[in-house]
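# quick one: sequence plus predicted model below, questions after.
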Amino acid sequence: MNIIDELEWRDAINQQTDAEGLRELTNTKAVSLYCGVDPTGDSMHIGHLIPFMMLKRFQLAGHRPVILIGGATGTIGDPSGRQTERSLQTMEQVQANVDALTAQLKKLFVTEGDNEVRMVNNYDWTHKINVIDFLRDYGKNFSINTMLAKDVVSSRLDSGISFTEFSYQILQSLDYLHLYQHEDVQLQIGGSDQWGNITSGLDLIRKKEGSEAKAFGLTIPLMLKADGTKFGKTAGGAVWLDPNKTTPFEFYQFWANTDDRDVIKYLKFFTFLDKAEIDSLAEKVQTEPHKREAQKALAEEMTRFVHSEELLEQAKRITAALFSGDIRSLTADEIEQGFKEMPTFEAGTESKNIIDWLVDLGIEPSKRQAREDITKGAISMNGERVSDVELTVTAEHAIGGRFIIIRKGKKNYSLVKLG
């Protein structure tokens, strides 16, 4: 299957500058293509992943991916999709973010062989251009009328846009020209909000290299959930690729909790399962939705891809333990992940009667209620039911010397940290 056919089957193409020409090009050679990301933070979130998943598909099909980290454009600020100006970062912070994103992205791509991923930073060529050369050699090729008509600018005219962000499309166009000239890049891909920037780059290439220059642009559809809300956001905020910001367990759970209406779309966009496998899972969503096999496959594929097989297995262990109540099978680190969002209490290491301990922490409102709940078998500690009102809680009860898990009733968990 031609890579364009595959992207069409996956509903992963929004716009193309020359669909017929790009199909012909990808049929005749291994194409170099690029996708960029600005270092506005020290981690990508799953929304950033969308175009890079397409870049990875091109790589697996034998094409040559180039990842551009915007060390220069990241200091300017892309106005795409925003109604307000970005806050400028220090050069030191931008560089720290460049280093973090470079390491993060390298993990996701083949880094050796004929079609290994190439990492570039647009600061390397942009910082050499002085303002006079920028205006004469590049600015002269851009019409203000055309720039104002681009959605990314026109949407900001009422609220206001600085010259700095207005000039962003010139810098991104310069990137495509540089990569076309020096890296044989003939295709830029990006999110749907990048269409104006991509077409500006193509215009610059043709002005500099001639109207017959073979360069193309392709964008990916805006990802929305079935309820119309933006993909990738949760009540707790963005879902990050950095395990220190979003733990592998939380990452796994995000995908495992996908709505039935969205899961097949996500399998097409985010996994490398083939058509037969996805069609089979689609049928199971219709016939056996309670088994959630499509969601499990999605969660496993994505956690393995972004983190590792080891961290996937860890996330599955935590999930299974929470479902079964077998808390003692978990390590202290796994408990920290699995109970991160649950009510948390801090206790000392001194020994104390279970009733006093529960009341002093605030897990139980009174000694009478604590005694009643224990007598009825409603209290469990580390997955084991507490039946003795005379039990003394000691530091030895703590898993890994750090945590005690109290369950009240069937679902009310509390995490107690000892220290």
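Arrived safely, thanks for sending.
# report the separation between the closest residue to T111 other than its chain neighbours and M302.
Nearest residue to T111, sequence neighbours excluded (CB to CB, 6 or more residues apart in numbering): V117, at 5.9 Å. (C-beta placed from N, C-alpha, C; glycine too.) For V117, the distance to M302 equals 19 Å [CB to CB, to the nearest Å].
# so for these two, which sits in the more crowded spot?
M302 (23 against 19; other CB atoms under 10 Å).
# check which element follows whatever helix or strand the more buried one lives in along the chain.
Assigned by DSSP states H and E, M302 falls within helix 293-306. Next in sequence after helix 293-306, counting helices and strands by DSSP H and E, comes helix 309-324.
# elements contacting the following helix or strand past that next one?
Following helix 309-324 in sequence order, the next helix or strand is helix 332-338 (DSSP H and E). Here helix 332-338 touches helix 248-256, helix 309-324, strand 403-408, going by 3 or more CB pairs under 8 Å, 6 or more residues apart in numbering; DSSP states H and E.
# contacts for helix 332-338?
When contacts are defined by CB atoms under 8 Å, 6 or more residues apart in numbering, helix 332-338 is touched by residues 247-250, 314-315, 317-319, 321-322, 327, 330, 399-403, 405, 415.
# whichever of those residues end up buried, select them in ChimeraX.
Selection of buried members from the contacts of helix 332-338 for ChimeraX, criterion 16 or more other CB atoms under 10 Å:
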select :247,248,249,250,314,315,317,318,319,321,322,327,330,399,402,403,405,415
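# so where's the stretch 201-350 of the chain uncertain?
Of all residues in the stretch 201-350 of the chain, those with pLDDT under 70 make up the ranges 233-236.
# R10 and F269 touch, don't they?
Yes. Look at R10 against F269 with CB atoms under 8 Å: they come within range, at 6.4 Å.
# one step back: buried residues in the helix holding M302?
Those would be 294-306, for helix 293-306 by 16+ other CB under 10 Å.
# ok so, going back, pretty sure the residue nearest to T111 is touching I69, no?
No. Counting by CB under 8 Å, I69 is not a contact partner of V117; they are 11.9 Å apart.
# spit out the residues that contact these two alike.
In contact with both V117 and I69: L105, using CB under 8 Å, 6+ apart.
# ok, which stretches of the stretch 101-250 of the chain are strands?
Under the criterion DSSP state E, counting those that start in this stretch, the stretch 101-250 of the chain carries strands at the ranges 118-121, 185-191, 216-220, 233-234, 237-238.
# please name the bridge partners of L187.
Beta-bridge partners recorded for L187 (DSSP bridges): L33, F216.
# quick one: it and L33 touch, right?
Yes. The criterion here is CB under 8 Å, and L187 meets it with L33 at 3.7 Å.
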